[in-house]
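Novice: need a 3D model of the following:
(chains A and B, ligands or ions: 5)
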Amino acid sequence: MGEAGKVMIEAVEDRGEDYSGDFLAEVEARVEEGEWVTMCTQCGVCSGSCPLGPDWEHPPHRIFQLIRANRRDEVLGSPSVWMCTSCHACVVRCPRGVPVAHVMHGLAHYAVRRGLAPADPPTRRLAERFWENVVRTGRVNEPRLALSLLFANGLAEGVRRTLRSRDAGLGLLKAGRMSRLAAVAGDGVKDPAELRAILEKARAIELAKAAALED
Amino acid sequence: MSDVVATTRTILVVGGGISGTTAALEAAEAGADVLLLEKDASLGGRVSQLSRHYPTLGPPACGLEIDLRRLGASRRLRVLTLAEVVRIDGQPGDYTATVRLRPRYVNERCTACGDCARAVEAEFPDEHDCGLGTRRGAYLPFPMAYPQRYVLDPRILGTPDAERAKAACKVGAVDLEMGEREARVKAGAVIWATGWRPYDAAKIEPYGYGRVPDVVSSLEFERLADPLGPTGGRLLRPSDGREAHRVAFVLCAGSCDKNHLRHCSRVCCAAALKQAACVTGRLGDEADVTLYYVDIRVTDFLEDFYRKVRSDPRVKFVRSKVAQMTRDVASASPVLHGVATDGGQRYAHAHDLVVLAVGMEPGVPEDALPSRLVTHAGGFVAPDPANGAIFAAGCAAEPLDVGRSIQHATAAALRALQVVRRVGGAEG
Ligand SMILES: Cc1cc2nc3c(=O)[nH]c(=O)nc-3n(C[C@H](O)[C@H](O)[C@H](O)COP(=O)(O)OP(=O)(O)OC[C@H]3O[C@@H](n4cnc5c(N)ncnc54)[C@H](O)[C@@H]3O)c2cc1C
Ligand code: SF4
Ligand code: SF4
Ligand code: SF4
Ligand code: SF4
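Specialist: Ligands and ions are numbered 1, 2, ... in the order given. Reported below is the predicted structural model:
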């Protein structure tokens, strides 16, 4: 081993870090789409193309880097994997065909399964409210969804937040993207019971998939 | 063409780049009858467009010059230019190639005096300069062209320019009656040396090639850097003609990428290092070069060259696949965006000139190959027994630099020699 190699190993030991663990193997075995991690060449084009990239602590290529560096807590506790909006800019550009967005969601899901997900990333709350909202009638009720998010932390903060977001809201109204009536009436699909049956089935499939990854 | 006699003992070499020329010379010097066909008006291929040459950094003309001297000395080798092979039928020992012969409108009496070019008025984009400059409607493809014979652009036929060219020629070399013809030639073995084409950079949509003039391909850079090129070797930006100082090289532009070419084009890393050294050599301390790379894939002896360029403070290495090119509102300069994965920084760097190290595609696309041939993904012709005695040489087989193309072509010549020797033996 050359001088340079020795110096590097000493530096790692000094920082007390251990890169030799098997978090990568864990991700490959247990995380949906986790087997893609080793296909990543660290080119960075996913992070460079991600519209939210500048606001994340760990843009996607960094997540892949941290997995290989065995930083389990940092990855599973990262709010970043919750920030992905599934815009797929990364997926279409990745030169290696890595389904980056799916890996992000796989990691978020796995973090929940392990109880390591950050307590309250804003997008997690959005996802949950969105879900509750849409399964009820089969249609997203945007005003209700917005209100439930704005008032999630009580009345006083809700009013403050609503005032802050008022320009965006008015813009949506003007563009015809949000109906005023929907807040009270709202429509739904013809047969919500059937929709719920479909969703129940999908949920069972997803749970079975997750269970298989735990075997 | 009527004077060309080819038999089943002839080796047909298709493509007159460095690979085809080498294979033809090696086979002819070993005693075979060789016919070399080149679709353009001159031999030389892509190497004739290079300004300098790694690993020596000398002008590539030296190598060509030696080959041309060997050509002159070889009696068993015949060369036809403006001859494109479009179809090959038959089997080992007995092939028939269909050749499309385009008219030059200039016969062998031409002394390359250039009077016709001066007489003609029409100008066209110069293919040899990737369209970065223009040439006359009567022209010599480039100064070192072989044969040293002018060409009339077919677009001036039927215009007063054609008559002007004819009138200007004192030796009666201009022949406006020539027309396109098709010919068939026999051969015992074929060396397929049709080379490569640059990947169409406009397909890499976020990089703006074709929309923004100061984003050029690596082949266009070679023409800008060539003292005999359209700018006299000065790195003038196409947009405003200002000299470029801040020059970016974007590696893997279209290669190693499942959305474009999946293969590594193998020469573009070393070529980009060469081009970076060319900028620092030209501009001295005013050079401000940035090389964006994913991997540096240079092997064996080129490693030292890489280390040398890497240690030059005027050349910054950024490990990143560039995500996007935009234009600076005030200066209109191209700005490159991305994330550097060796440090994590997000960058937005303005440059005067952005050079895309485009990948290599086979010169003849897979669906235009002249017979059914086994290929690698991407259309490069594979060394497969099913291809009979059609042997690919050089970049028609895989991305190769000049040194390796020469080795590869020499090996192909040996394979072809074995086939025609067998044919000769059988015929007694
Ligand atoms: C930007 C860039 C810089 C480079 N710089 C260097 C360098 O510094 N050093 C180095 O070693 N290498 C360099 N290379 C690589 C070099 O260009 C190749 O190694 C070389 O061109 C290969 O020669 P070839 O004969 O195989 O193909 P080509 O040069 O492509 O020649 C093929 C010939 O076949 C002809 N042809 C095609 N189809 C037909 C047909 N159907 N019938 C008849 N003729 C046909 C073509 O007209 C052409 O003349 C560089 C490459 C690039 C992209
Ligand atoms: S784009 Fe693909 S290969 Fe590049 S860093 Fe992201 S995941 Fe890795
Ligand atoms: S899909 Fe997610 S990770 Fe990929 S670019 Fe969009 S937001 Fe970023
Ligand atoms: S064609 Fe005639 S005029 Fe033109 S270069 Fe040749 S000899 Fe000169
Ligand atoms: S040689 Fe270098 S620039 Fe070219 S495709 Fe391979 S890695 Fe990319």
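Novice: in contact with the residue nearest the centre of chain A, which residues?
Specialist: Central residue of chain A (Cα atoms, centre = their mean): A:W82, 2.9 Å from the mean position. The contact partners of A:W82, by Cβ atoms under 8 Å, 6 or more residues apart in numbering or on different chains, come to A:A108, A:A117, A:P118, A:P121, A:T123, A:R124. Every C-beta, even on glycine, is put in place using the N, C-alpha and C of the backbone.
Novice: narrow those residues to those in helices?
Specialist: If you go by DSSP state H, those have A:A108, A:T123, A:R124 in helices.
Novice: most surrounded residue in these?
Specialist: Most neighbours among these, by other Cβ atoms under 10 Å in any protein chain shown: A:A108, with 25 neighbours.
Novice: which residues touch the residue nearest to B:S333 when sequence neighbours are not counted?
Specialist: Leaving out its chain neighbours, the residue that sits closest to B:S333 by Cβ to Cβ, 6 or more residues apart in numbering or on different chains is B:A350, at 4.8 Å. Neighbour list for B:A350: B:R246, B:D328, B:S331, B:S333, B:P334, B:V335 [criterion: Cβ under 8 Å, 6+ apart].
Novice: redo that, cut-off 7 Å
Specialist: Counting by Cβ atoms under 7 Å, 6 or more residues apart in numbering or on different chains, B:A350 touches B:R246, B:D328, B:S333, B:V335.
Novice: tell me the pLDDT of it.
Specialist: We have a pLDDT of 97 for B:A350.
Novice: where's it relative to B:L283, distance?
Specialist: Here B:A350 is placed at a distance of 17 Å from B:L283 (Cβ to Cβ, to the nearest Å).
Novice: quick one, domains of the chain?
Specialist: Reading this off chain A. Using automatic domain parsing, the domain ranges for chain A come out as A:3-117, A:122-211.
Novice: wrong chain, I was asking about chain B
Specialist: As given by automatic domain parsing, the domain ranges for chain B are B:10-101+B:180-195+B:363-427, B:115-168, B:199-360.
Novice: and for B:A202, the neighbour number?
Specialist: 13.
Novice: on that earlier part again, nearest to A:H88, out of the domains of chain B?
Specialist: Comparison of those against A:H88 by Cβ to Cβ identifies domain B:199-360 as nearest, at 13.0 Å.
Novice: anything in that closest one near ligand 3?
Specialist: No: counting by Cβ under 6 Å from any ligand atom, ligand 3 has no neighbours in domain B:199-360; the shortest distance is 10.1 Å.
Novice: mind giving me the ChimeraX select for the contacts of B:A350, buried ones only?
Specialist: In ChimeraX, a selection of the buried entries from those looks like this (16 or more other Cβ atoms under 10 Å in any protein chain shown):
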select /B:246,333,335
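Novice: out of the contacts of B:A350, list just those in strands.
Specialist: If you go by DSSP state E, these have B:R246, B:V335 in strands.
Novice: in stretch A:132-140, what counts as buried?
Specialist: Under the neighbour-count criterion of 16+ other Cβ under 10 Å, stretch A:132-140 has A:N133, A:V134, A:R136, A:G138 buried.
Novice: ok, now stretch A:201-215?
Specialist: Judged by neighbour count using 16+ other Cβ under 10 Å, the buried positions of stretch A:201-215 are A:A210, A:L213.
Novice: again with stretch B:202-210
Specialist: By neighbour count on 16+ other Cβ under 10 Å, the buried set for stretch B:202-210 is B:I204, B:P206, B:Y207, B:G208, B:Y209.
Novice: max pairwise distance over the residues you listed: which two?
Specialist: Greatest spatial distance among these (Cβ to Cβ): B:P206 and B:Y209, at 9.9 Å.
Novice: what residues does stretch B:120-134 touch?
Specialist: So stretch B:120-134 is in contact with B:49, B:135-138, B:141-142, B:153, B:155-156, B:161, B:164-165, B:219-220, B:223-224, B:229-230, B:238, going by Cβ under 7 Å, 6+ apart.
Novice: from these, which ones fall inside helices?
Specialist: Members of the contacts of stretch B:120-134 lying in helices (criterion: DSSP H): B:D161, B:R164, B:A165, B:L219, B:E220, B:R223, B:L224.
Novice: measure whatever residue of chain A ends up closest to ligand 1 to A:H105 for me?
Specialist: Going by Cβ to the nearest ligand atom, ligand 1 is nearest to A:P95 of chain A, at 19.0 Å. A:P95 sits 21 Å away from A:H105, going by Cβ to Cβ.
Novice: and the helix or strand hosting A:S47, what does it pack onto?
Specialist: In this assignment (DSSP states H and E), A:S47 forms part of helix A:45-49. In this structure, helix A:45-49 packs against helix A:60-68, helix A:89-93, strand B:334-339, with contacts taken as 3 or more Cβ pairs under 7 Å, 6 or more residues apart in numbering or on different chains; DSSP states H and E.
Novice: contacts for it?
Specialist: If you take Cβ under 7 Å, 6+ apart as the criterion, helix A:45-49 is touched by A:53, A:59-62, A:89-90, A:93-95, A:100, B:320-321, B:323-324, B:337-339.
Novice: quick check: the closest residue to A:F151 other than its chain neighbours vs A:A152, distance?
Specialist: Nearest non-adjacent residue to A:F151, counting by Cβ to Cβ, 6+ apart: A:G158, 3.3 Å away. According to Cβ to Cβ, A:G158 stands 8 Å off from A:A152.
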